[in-house]
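1. Got a predicted model here, sequence first, then my questions.
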Amino acid sequence: MVENPVPWPNGPRCAVGFSRDVDADSVLHLAHPDDADTRVTTMTDLRFGPEVAIARICGLFESYDIRQTFFVPAWCIEEHPKAIARMVEGGHEIGHHGYMHERPNTFTAERERYWTELSSAIIERACGRRPRGHRAPWAAYSKYTTTILADLGFLYDSSLMGEDVPYVLRDRGGRELIELPLQAAMDDWSHYVQNVDLDYMMAIEAPERAKEAFLAEFEAAWTYRTFWQGT
Ligand SMILES: [Zn+2]
């Protein structure tokens, strides 16, 4: 069925990646810039990630000797330094995820480049190395993004949905990035977000429903030797 099976290095049937988008309270400030500080319950909900969950997730995956990639808006890196330090301490990767979870595809090329450079510098200051991976906030990849990422020396992006195996992106100058594609069913946001202030009201379901979707996708990746990426 899959015409282009990937010859994964060392011969496993499929590849698995664990990535997380740590948007935290950036999205509340983006949605309600004038009164985010009055929406206290949502603020606590969104800060649960960096203040509580990150340490648990890092510890759990480290107990299996698995490293993850955290895509973090640069504003969140400055707001939640303890969570970032915990990721770095565990050897996990910090990827680029915008500055304030803005939508890059609503920007001019110059404005997108400015925020991409600034956020890369903030990541480098926090982790001691420049980011190699990028995920566009809201998956709002723009027509300029490939060129900007190539200019800044990124190796890969993970925002697009054009394949179920990694594939190559090229800018007009022929420079290449690897794309690690997404799939909404493997995103915990799609299964769990229930918040009036963000206007996302997914039906509340038992975690078994999300697990069922994640496992079904893994079975398919295993059968067809493709790529499973949790987001
Ligand atoms: Zn995000």
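-> Okay, I see it. Quantities reported herein were computed from a predicted structural model and do not represent experimental measurements.

2. Can you mark which positions in stretch 218-230 are buried?
-> Ala221, Arg225, Thr226, Phe227, Trp228, Gln229, Gly230 (16 or more other Cβ atoms under 10 Å). Glycine gets a C-beta too; all of them are placed from N, C-alpha and C.

3. Quickly check: the lengthiest strand in the chain near the ion or not.
-> Secondary structure of the chain per DSSP state E: the longest strand is strand 15-21. Yes - judged by Cβ under 5 Å from the ion, strand 15-21 comes into contact with the ion through Asp21.

4. So what touches that strand?
-> Identification of contacts with strand 15-21 by Cβ atoms under 8 Å, 6 or more residues apart in numbering yields 6, 8, 57, 61, 66, 68-72, 95, 97, 135, 158, 166, 180, 189, 218, 221, 226-231.

5. Could you pick out which of those residues are located in helices?
-> Judged by DSSP state H, these include Ile57, Phe61, Trp189, Phe218, Ala221 as members of helices.

6. Please tell me how far the third one sits from the ion.
-> Which is Trp189. From Trp189 across to the ion, the span is 8 Å (Cβ to the ion, to the nearest Å).

7. Out of the buried residues of stretch 218-230, which sit inside strands?
-> Residues of the buried residues of stretch 218-230 located in strands (DSSP E): Phe227, Trp228, Gln229, Gly230.

8. could the residues you listed go into TSV alongside distance to His29 and pLDDT?
-> TSV is the format used below for those (distance: Cβ to Cβ, whole Å; pLDDT from 0 to 100):
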residue	distance to His29	pLDDT
Phe227	33	94
Trp228	32	96
Gln229	28	96
Gly230	26	94
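
9. surely Ala74 meets Glu124?
-> No - counting by Cβ atoms under 8 Å, Glu124 is not a contact partner of Ala74; they are 10.3 Å apart.

10. which one of the two has more residues nearby?
-> Neighbours around Ala74 and Glu124, counted as other Cβ atoms under 10 Å, are more numerous at Ala74. The numbers are 26 against 13.

11. quick one: which of the ones in strands among the buried residues of stretch 218-230 is nearest Val196?
-> Gly230 (26.7 Å; Cβ to Cβ).

12. Identify the bridge partners of the closest one.
-> Beta bridges link Gly230 to Phe18 when assigned by DSSP bridges.

13. contacting residues for it?
-> Gly230 makes contacts with Val16, Gly17, Phe18, Ser19, Met186, Asp188, Phe214, as judged by Cβ under 8 Å, 6+ apart.
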